[in-house]
Structures are given as structure tokens and as C-alpha cells.
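# What would the 3D arrangement of this be:
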Amino acid sequence: MINKVTLIGHLGKDPEVRYLDKDRAVANLTLATNERYNDRNGNRVETTEWHNLEMWDGLAKVAEKYLKKGSLVYVEGKLKTEEWEKDGIKRYTTRIRVTTMNMMDRNNSNTSDHNTPPPSNHENSQEIAKQNEGAIDSIMDSGDDDLPF
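Here you go, the predicted structure:
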């Protein structure tokens, strides 16, 4: 069986990080992905889908240190559904438990993988940003860059 999610999008707000027993950390984030298409009448339509993300331990600490509202990130993870009961009614929420994260912001050159901090010197940052610029452009639609929030 396969349970895998891959997303690229912008964070809707700063990560909310909590520390649990024994220095365990959990970060909750919201990620916006956009889809652009033309409807039957040829009108350009853009829809935004919001995803709830959950990162643990090392990834949570990296998110706390380097990510902020509007950050562009690539994430991989798996769907996790939680069930609870309130007032006799069963309720559900589904989130993505992130296992891999890449920071893709051009302006910060946060192109690192997992929990490696971004390059420490400016020259390396520019070189890595140039290498990844083509890849980012091929992934992202060249349409309007406005964030949905």
C-alpha cells in the first residue's frame, strides 16, 4: 500500500511550534497550493487548496528557525486522519505528516534539504539559487505570483 503526498506551495502563516517532553517538538503549518486553468468560457480561473501540515522533531525545529508566512516549500509526507467525538458527533481531521522538506525561497536561498541550515556565505547562496532557479521555474506556473493570503 502507498500513502504518499507531494506538495509545493506557500505557507499561510508562521509555523506554530510546541515542545513536548524530552525536547520533542511538533510544528503545525498551513500550506496553500494553487491550480490555474481555463474554464469552458475561456476565463482564467485560479483555485487555492489549503493543506494542514505536521512536522516533528528536527523538521519542526528547522521550520521554527527558517520558515515564515509566505515561504515557498516542497514537502513530502503521508496522510494522517484523526478521529474524535464532540457532543456525541464523530469528527475527523486530516493532515499531512511531513517526512521531507525543501526550502525553495529564491530571496533567502533556503534551498536546503531536511534539517540542514541554509548556506552560511553569500557566494554559496547565490550559486545554489542560480542552480535551482530553472527547476523552480519549471515547477511553478509563470502566471501571477500573488499569494492568496
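
# ok, the residue sitting furthest away from the middle of the chain - contacts?
No residue in the chain sits farther from the centre than residue 88, which is 34.0 Å out by Cα atoms, centre = their mean. Contacts of residue 88 were listed using Cβ atoms under 8 Å, 6 or more residues apart in numbering, and none were found. Backbone N, C-alpha and C define where each C-beta goes, glycine included.

# pLDDT at it, what is it?
Predicted confidence (pLDDT) at residue 88: the value is 92.

# same thing with residue 47?
If you check residue 47, the pLDDT there is 95.

# Kindly report the same for residue 111.
42.

# isn't residue 48 right next to residue 32, touching?
Yes - the pair residue 48 and residue 32 passes the contact test of Cβ atoms under 8 Å, sitting 5.3 Å apart.

# of those two, who's got more company?
A count of neighbours by other Cβ atoms under 10 Å puts residue 32 above the other of residue 48 and residue 32, at 17 against 14.

# Figure out how far the helix or strand where that one lies is from the centre of its chain.
In this structure, residue 32 sits in strand 25-38 according to DSSP states H and E. Taking the mean of its C-alpha atoms, strand 25-38 sits 6 Å from the chain's own mean (Cα atoms, centre = their mean, to the nearest Å).

# With that, I have no additional questions.
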